[in-house]
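sequence first, then the predicted structure, then my questions.
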Amino acid sequence: MRIVDFSTHLPGPLAAHLLAELGADVLKVERPGTGDGNRDRRATIAGLGDLHVALNSGTRSLAVDSRSARWPEIVGACARWADAVIVGARPESARRLALDFASLTTHNPSLVYCGISGYGARGPWSSLPAHGQNVDARAGAVPLNQDGRRFFTRPGWRPVGAPLAGVFAALGVLAGLQRRSERGDAQCVHVSLWHCAMWWNWRELTSLANDEAPFPDHCAIGPRYAVYACSDDLPLLVCPIEEKFWRRFVELTDLPASLASRGTWQVGGTDFGYPDEENLIAAAMTAKSSQEWSSVLADADIPFAPVLDAAEALASEHAAASALFRTTAVSGGQVNLVSAPLTWGGDAALPPPLTPPPELGEHTAQILAELGLVADTEDNGSTVSR
């Protein structure tokens with residue numbers, strides 16, 4: 001796949017990075033002087049911006065100023081070279097830069113076009129500027145606590161619309177390439193960060209849109225699907241909600257035997273329990289440590305999980321065995337990057353290293369030559385400016 005990424009910040013570069021992990025040749029088109037918005041992040045890995053390392057490894061950099069007289073020429077050449085382009089901009093901004101679907105397909109009538117914007121291509125919010133938290137706030141996806149007249153996002157909250165937009169954009173590009181192979185014409189897909197944040201709550205929204213009861217919070221599902229403290233005060237999530245699991249659980253925890261047959265198993269095959277069971281289960285779980293219960297429940301094939309933080313999950317033997325990372329080399333040494341959660345044919349071998357994150361404009365002369373264009377002699381082709 002040949003991908004040209006005209007986007008910046010998170011969603012588009014994440015989509016391009018995922019496609020690079022799948023083997024695509026990705027050209028990043030960046031502003032001279034500053035590059036994309038990930039290069040100047042203060043959080044650093046090996047002395048480089050963390051998002052720059054995480055998202056730009058495996059790509060090549062073409063630095064060109066959108067105000068340059070050469071901009072139309074280079075954009076046209078990129079469109080002809082590409083199988084797909086990724087454009088991160090509000091619809092009117094894309095049109096102004098000649099990066100809209102209609103403009104780019106004049107250069108390549110079989111191009112796959114993926115546009116990414118905050119609120120989509122239509123609707124009253126489509127022209128609004130957006131950062132990740134903006135779209136989450138408008139999608140009901142920002143949990144808040146209040147202290148006086150100040151509101152604060154709850155601890156542990158992470159933006160959802162922006163990273164999901166990157167995943168869906170990569171999926172849209174792949175689907176577009178497949179549709180093009182079947183139909184032979186250009187394909188246009190648009191990804192809205194807001195729509196992605198809304199999709200994240202698909203279960204709740206499905207209930208609300210169909211006048212059903214609100215989907216329960218996980219903490220309110222029931223005592224048979226809940227987190228309990230063990231004798232060492234460590235949390236353990238237990239999930240014996242199917243009849244066979246519940247009967248084993250009652251026996252192993254010495255709960256009253258009369259509870260074993262308690263449940264409406266014929267309805268969906270699961271039962272989340274009854275309020276009077278919560279204290280009984282909580283008391284039973286204090287009989288053993290988290291490690292002891294983990295061994296007992298695993299042997300009994302009952303669903304459970306210790307509740308780990310990110311550092312504990314990373315330090316687990318399973319993380320080491322799961323090809324969780326791929327590497328890239330930077331001047332500060334080797335860097336580990338979380339890999340796309342895909343393995344081929346069940347093979348969990350470590351994926352090959354990615355090329356290092358490029359210096360701004362590092363490949364400009366090389367890329368211009370590939371596009372059949374002549375590099376500017378005054379700056380040796382490292383950037384194309386005004």
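On my side now, so go ahead. Just so it is clear, the structure is predicted and the values come from calculations on it, not from any experiment.

what helix or strand is F272 on?
Using DSSP states H and E, F272 falls within no helix or strand.

now swap in the one 10 residues further on and tell me
Mapping A282 onto the secondary structure by DSSP H and E places it in helix 278-285.

who does that helix touch, helix- and strand-wise?
strand 226-229, strand 235-238 (3 or more Cβ pairs under 8 Å, 6 or more residues apart in numbering; DSSP states H and E). C-beta coordinates here come from the backbone N, C-alpha and C atoms, glycine included.

now do the buried residues in the last one.
Same thing as strand 235-238. 236, 238 (16 or more other Cβ atoms under 10 Å).

name the helices or strands packed onto that strand?
Counting contacts by 3+ Cβ pairs under 8 Å, 6+ apart, strand 235-238 packs against strand 226-229, helix 278-285, helix 290-299, strand 304-306.

which residues touch W265?
The contact partners of W265, taken as Cβ atoms under 8 Å, 6 or more residues apart in numbering, are 242-243, 271.

got these as CSV, with distance to W200 columns?
Listed next are the contacts of W265 as CSV, based on distance: Cβ to Cβ, whole Å:
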residue, distance to W200
E242, 27
E243, 32
D271, 28
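
the longest helix in the protein is where?
In the chain, with assignment by DSSP state H, the single longest helix is helix 161-183.

could I get the full set of helices for the stretch 251-386 of the chain?
278-285, 290-299, 310-314, 317-321, 364-370 (DSSP state H, counting those that start in this stretch).

any chance of those helices in a markdown table, plus mean pLDDT, mean neighbour count and distance to L10?
Listed next are these as a markdown table, based on pLDDT from 0 to 100; neighbours: other Cβ atoms under 10 Å; distance: least, Cβ to Cβ, whole Å:
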| stretch | mean pLDDT | mean neighbour count | distance to L10 |
| --- | --- | --- | --- |
| helix 278-285 | 97 | 16 | 40 |
| helix 290-299 | 97 | 16 | 36 |
| helix 310-314 | 92 | 10 | 19 |
| helix 317-321 | 87 | 10 | 24 |
| helix 364-370 | 95 | 19 | 23 |
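
okay, now E243: neighbour count?
Neighbours of E243 under the rule other Cβ atoms under 10 Å: 18.

ok, the spatially most central residue of the chain - contacts?
By Cα atoms, centre = their mean, the chain has its centre lying nearest to P163, at 3.9 Å. Taking Cβ under 8 Å, 6+ apart as the criterion, P163 is in contact with 10-11, 14.

and which of the contacts of W265 is nearest S385?
Among the contacts of W265, E242 lies closest to S385 (Cβ to Cβ), at 64.4 Å.

need the contact list for the nearest residue to M285 once chain neighbours are set aside.
The shortest distance from M285 to any non-neighbouring residue, by Cβ to Cβ, 6 or more residues apart in numbering, is to Y228 (4.1 Å). Each residue near Y228 by Cβ under 8 Å, 6+ apart is listed here: 235-236, 238, 281-282, 285.

try 6 Å this time
By Cβ atoms under 6 Å, 6 or more residues apart in numbering, the contact set of Y228 is 236, 282, 285.

show me the shaky parts of the protein.
216-219, 346-350, 377-382, 386 (pLDDT under 70).

could you redo the last one with a cut-off of 80?
Across the chain, the ranges flagged by pLDDT under 80 are 41-43, 132, 152-157, 211-220, 266-268, 332, 343-351, 375-386.

domains in it, by residue range?
By the assignment in automatic domain parsing, the chain contains the domains 2-201+344-370, 218-308.

you'd agree V112 is up against G176?
Yes - using Cβ atoms under 6 Å, V112 is in contact with G176, at 3.8 Å.

okay, and the common contacts of the two?
Q187.
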